[in-house]
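J.: Sequence and predicted structure are below.
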Amino acid sequence: MDKEWRELVVSKSWWVLLFVMGPLVGVSFISSVRTYAEVSGLNGTAAGVGEALSPLIGIWAPTFSACELAAVFLLPFVAIRVVAGDRQSGALKLELQQGMSPFFGIAAKALVLMVGWLIAMLPSASAVVLWKSYGGAVYPPELLTLTGGHVLNAGLTIGLAAAMSSFTDHPSTAAILTLSFTVGTWIINFFGAIQGGWWERAAGFTPAAMVAEFQHGLIRLSTVLVAGTLILAGLSIAALWMQLGSPVSNRLYESAGIGALAAVAIFACTFTTANWDTSEARSNSFSEADEAALRKIHGPIRIEVHLAPEDPRRLDLEHKALSKLRRLMTETQVRYVSATSIGLFEQTSAGYGEIWYELNGKRTMSRVTTAEGVLETIYSLAGITPPSDADEEAFRGHPLAVPPKGAGVLFYGFWPGLILVSGIFTRGRFK
Amino acid sequence: MESTLFEVSGLSKRFGQIAALTDVSFHVGASEVLGLIGPNGAGKSTLFECLAGVLAADRGVVAAGGWPIEPRKRHSILFYVPDSIAPWPAQPVRWILDFTIGFLGGRASIRDEVIEQLGLRDLLHQPIGTLSKGQRKRVLLAIGLLTSQPALLIDEPFEGLDLRQSREVAGVLRTYAARGRTLFLSIHQIGDAARFCDRFVLLSGGKVCGEGTVSELAAAASKPSADLEEVFLALT
């Protein structure tokens, strides 16, 4: 572990990552605090803009997005440097003669990289302290969820970069493959958005979609398990390919075995339905009264939506109503039907725009895509009285109209300076 | 006659269409200095890597005491020092030697002795990546000498060293051989090998062309009074 730590500390790529994180977080934090202040200055305390004034959406999601950027474009190079370095320098040939399992070696590298990543996240943590000093509200559960999402995302990057570094001869090839994989997940997201169906389902498990869930304060057990499986698979494959003394054919078979096991595990994970909405604004949930009423409904609800994947009404329906409904009523079945991806030329088709609901043999149709409209239709179909929201206190946000005082000095001056001095001092000390 | 430390039989390795090693068989005696001689491209490094278990052989067995030893367990009897590597290039020599002792199970008791013998005292704070080829070679030799396996396989121990350094290193290696450590050295300069080794394995085109002392090899080549160079040319 000491050796891996030293290798990280002497790697320039890690120091570059640390150096860049300050300004990256700074740009996001400063602009989001300014925007938040502008919205707050308009006295936006009405329920309608409550979500906009949630620090999770208004401050933390954009501020921590710097971590997402760094995890995609910078962290892979740090991971590749640490994992591929031994192979490139010939040190691996010496280390393998120690007899230790390569799995331990890769685990040590992954652990050190993760610690390195947590240090790289310090500017984001200092943004929290700064926000608190402005008098801003901090809701720890949603902040921890967001942080956890970015840690998991970094884990995925490390697992992927480790796997790529171990079975390629050169770090640049590993970097190209890692970035290609990331671009591949973006393509899945793109196809998911325009094609729907299985593409859409697969897109739900890409790193970008995973981070987006955490950015909204949502923890889905299936997402966490899938990410964990992928990280383990990546590290295991990396360890396999580090065993230079094992025949390539054996390593291929074993890698295929790990891939198959991971695929089965991921498929099984997608059936887990446990999830938690940790956002203060309950942005992933219906009101508590509505949830209590929905729990009284027995039998699965089947919903058939005649809207194209790119139709804004479908996005609205999915995000504002159906995703919340699925969280609560896990047996809900939603089927999207459309002949085209954009739906522009289907508008005049008979039945386009219809949303059919079926519960216990009864069917009804509606065209409303708002959460209130969907709930109303379901209550009517189930024959229950809609709850009164009168007693429930709506989340009205935490408006704060302050300038990002001191943030520029901290992120553009102090942090890069600190990294520069620490880098020179620490690298010198480790030599 | 010395006892056998380990035996190699039927070792073969192909890289696609190229047969790097073909049915290589020989034995390594305990406490001997064995030279692996062959021209560039003969398969010497490939053979060492297969023996050390850092490259998969297609066929063949390495056995000690009559028992085959799996590649993953070869570290119980031998340690291999590759040529032309700069392991952990950003780390100073001092740390690398300590790492060899701590991680690779090296002997702390001979650390200072090895440093003095190989003239590494002034290099201890230098990262290995900044060293010259000869200096790096001496660090690699130090790593090998610090390890505790009965047999030490060194790929081209004199490569990159000048005449004086070669003689000094030869003296150091002799010291450790005299203490009972088996040395198996891959050398492409036949003159160096003749001066230094007790026995030889001649390798050419991935095949063993002869094994034994100079006189045994000369007899096999039907040139009783020939030196090693002539014997090598006759047998390969």
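T.: Looks like it arrived, so ask away.

J.: the strands in the chain, which residues?
T.: Defaulting to chain A. A:218-220, A:275-277, A:301-305, A:333-336, A:355-359, A:362-366 (DSSP state E).

J.: nope, chain B
T.: Under the criterion DSSP E, chain B contains strands at B:4-15, B:18-29, B:33-37, B:59-64, B:67-68, B:78-81, B:151-155, B:182-187, B:199-204, B:207-212.

J.: so where's chain B shaky on pLDDT?
T.: Along chain B, the parts satisfying pLDDT under 70 run over B:1-2.

J.: Quick one: residues contacting A:Gly259.
T.: A:Gly259 makes contacts with A:Ala233, A:Ile237, as judged by Cβ atoms under 8 Å, 6 or more residues apart in numbering or on different chains. Backbone N, C-alpha and C define where each C-beta goes, glycine included.

J.: And it, how close does it get to A:Ile176?
T.: Per Cβ to Cβ, to the nearest Å, A:Gly259 is found 21 Å from A:Ile176.

J.: cool, and A:Cys67?
T.: Separation of A:Cys67 from A:Ile176 (Cβ to Cβ) stands at 23 Å.

J.: Neighbour count for these two, which is higher?
T.: A:Cys67 (27 against 13; other Cβ atoms under 10 Å in any protein chain shown).

J.: picking up where we left off before, need the strands of chain B in a markdown table (columns: distance to chain A and mean neighbour count).
T.: Formatted as a markdown table, the strands of chain B follow (distance: least, Cβ to the nearest Cβ, whole Å; neighbours: other Cβ atoms under 10 Å in any protein chain shown):
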| stretch | distance to chain A | mean neighbour count |
| --- | --- | --- |
| strand B:4-15 | 10 | 18 |
| strand B:18-29 | 14 | 19 |
| strand B:33-37 | 17 | 25 |
| strand B:59-64 | 11 | 17 |
| strand B:67-68 | 15 | 10 |
| strand B:78-81 | 6 | 26 |
| strand B:151-155 | 10 | 24 |
| strand B:182-187 | 14 | 25 |
| strand B:199-204 | 20 | 24 |
| strand B:207-212 | 22 | 19 |
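
J.: A:Gly155: which of these is closest?
T.: When the strands of chain B are compared by Cβ to Cβ, strand B:78-81 sits nearest A:Gly155, at 34.8 Å.

J.: got the contact list for that closest one?
T.: Here strand B:78-81 makes contact (Cβ under 8 Å, 6+ apart) with A:93-94, A:97, B:6, B:48-49, B:51-52, B:54, B:104, B:140-141, B:143-144, B:147, B:149-155, B:157, B:184.

J.: Surely B:Lys44 touches B:Asp155?
T.: Yes: here B:Lys44 reaches B:Asp155: they are 6.9 Å apart, a contact under Cβ atoms under 8 Å.

J.: what is in contact with these two at once?
T.: Shared contacts of B:Lys44 and B:Asp155 (Cβ under 8 Å, 6+ apart): B:Ser186.

J.: Residues of chain B that sit close to chain A?
T.: Taking Cβ under 8 Å from any Cβ of the partner chain as the contact definition, chain B meets chain A at B:49, B:52-56, B:58, B:71-76, B:79-82, B:84-92, B:95, B:99, B:103-105, B:125, B:127, B:143.

J.: residues contacting A:Val115?
T.: For A:Val115, the contact set (Cβ under 8 Å, 6+ apart) comprises A:Trp5.

J.: In chain A, which residue sits nearest chain B?
T.: When scored by Cβ to the nearest Cβ, chain A has A:Gly90 as its residue closest to chain B, at 2.6 Å.

J.: Could you report the neighbour count for that residue?
T.: Counted with other Cβ under 10 Å, residues neighbouring A:Gly90 total 19.

J.: got a list of what the residue nearest to it when sequence neighbours are not counted touches?
T.: Among residues not flanking A:Gly90 along the chain, B:Ile85 sits closest, at 2.6 Å (Cβ to Cβ, 6 or more residues apart in numbering or on different chains). Neighbouring residues of B:Ile85 by Cβ under 8 Å, 6+ apart: A:Ser89, A:Gly90, A:Ala91, A:Lys93, A:Leu94, B:Leu140.

J.: 10 Å instead?
T.: By Cβ atoms under 10 Å, 6 or more residues apart in numbering or on different chains, the contact list for B:Ile85 reads A:Gln88, A:Ser89, A:Gly90, A:Ala91, A:Leu92, A:Lys93, A:Leu94, B:Ile128, B:Arg136, B:Leu140, B:Asp155.

J.: same thing with B:Gly119?
T.: Contacts for B:Gly119 (Cβ under 10 Å, 6+ apart) come out as B:Gln135, B:Arg138, B:Ala142, B:Gln165, B:Glu168, B:Val169, B:Val172.

J.: and the stretch 251-400 of chain A, which residues reach chain B?
T.: Within the stretch 251-400 of chain A, the positions near chain B by Cβ under 10 Å from any Cβ of the partner chain are A:Arg251.

J.: Okay, helices next: where are they in the stretch 251-400 of chain A?
T.: Secondary structure of the stretch 251-400 of chain A (DSSP state H, counting those that start in this stretch): helices located at A:288-295, A:312-317, A:323-328, A:371-382.

J.: As JSON lines, these with mean neighbour count would be great.
T.: Listed next are these as JSON lines, based on neighbours: other Cβ atoms under 10 Å in any protein chain shown:
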{"stretch": "helix A:288-295", "mean neighbour count": "16"}
{"stretch": "helix A:312-317", "mean neighbour count": "17"}
{"stretch": "helix A:323-328", "mean neighbour count": "19"}
{"stretch": "helix A:371-382", "mean neighbour count": "18"}
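
J.: so which of the ones you listed gets nearest A:Ala350?
T.: helix A:312-317 (17.1 Å).

J.: by contact count, what packs against that closest one?
T.: strand A:301-305, strand A:333-336, strand A:355-359, helix A:371-382 (3 or more Cβ pairs under 10 Å, 6 or more residues apart in numbering or on different chains; DSSP states H and E).
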